[in-house]
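Q: sequence first, then the predicted structure:
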Amino acid sequence: MKTKLLALALVSLFAVNGAMAQEQGDMRAGIGVVIGTKAGVDADGSKAGFGLSPSFEYVFADAISGAVSYDWYFKSTVGGTDINIASFNIDGRYYFVTGDTQVYGLAGIGIIRNEIGPLSDSETGLNIGAGATFGLSDSMGINGQIKYQTPGDGQLVIGAGVVFMF
């Protein structure tokens with residue numbers, strides 16, 4: 001029963017799409033949740049990690065934008081040592097579909113920072129992925145995204161959140 005209610009709620013949410021124009025100079029700010037396949041750590045090694053991701057996007061042309069995001073994963077603790085993982089991303093987006101529902105591909109650079117107790121290191125690599133934004137009104141929408149990051153051993157990052165257009 002809970003699954004049916006959740007499915008009905010999601011279908012209703014997507015059915016309420018509003019018009020979302022995308023023009024040069026438009027900006028979006030968002031907040032979402034992310035799951036990184038290797039952003040958590042346990043005694044056996046890497047595992048999936050959950051976190052928060054604020055983001056900002058600027059539209060340079062009708063189908064091209066630049067976005068920055070910061071994926072901050074919740075702390076892991078192994079043997080009393082805290083492990084913090086975060087990723088700063090600068091991505092270019094090309095919109096294949098515009099209108100109420102917008103679908104894009106992305107490519108960019110990601111810098112992943114690992115802090116293990118007092119030690120820290122970072123590594124730079126590439127991001128590649130795709131996403132979609134579903135308009136709820138002229139000024140608000142929801143966004144889903146999936147991307148692969150190459151730093152370290154590489155990881156898949158899945159995110160969803162709310163975006164505000166201004």
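A: Everything's here; your move.

Q: in this structure, mark out all the helices, start to finish.
A: 2-15 (DSSP state H).

Q: which residue packs closest to residue 130, ignoring adjacent ones?
A: Using CB to CB, 6 or more residues apart in numbering and skipping the chain neighbours, the partner closest in space to residue 130 is residue 105 (5.2 Å). Heads up, the C-betas are built off the backbone N, CA and C, glycines and all.

Q: quick one: residues contacting the one you found.
A: 93, 94, 96, 129, 130 (CB atoms under 8 Å, 6 or more residues apart in numbering).

Q: please apply the same query to residue 129.
A: Here residue 129 is in contact with 105, 106, 145, 146, 147, 148, 157 (CB under 8 Å, 6+ apart).

Q: not counting sequence-adjacent ones, nearest residue to the third one?
A: Looking back up the chat, that one is residue 145. Leaving out its chain neighbours, the residue that sits closest to residue 145 by CB to CB, 6+ apart is residue 131, at 3.3 Å.

Q: over to the last one?
A: When the adjacent residues along the chain are set aside, residue 157 lies closest to residue 36, with 4.9 Å between them (CB to CB, 6+ apart).
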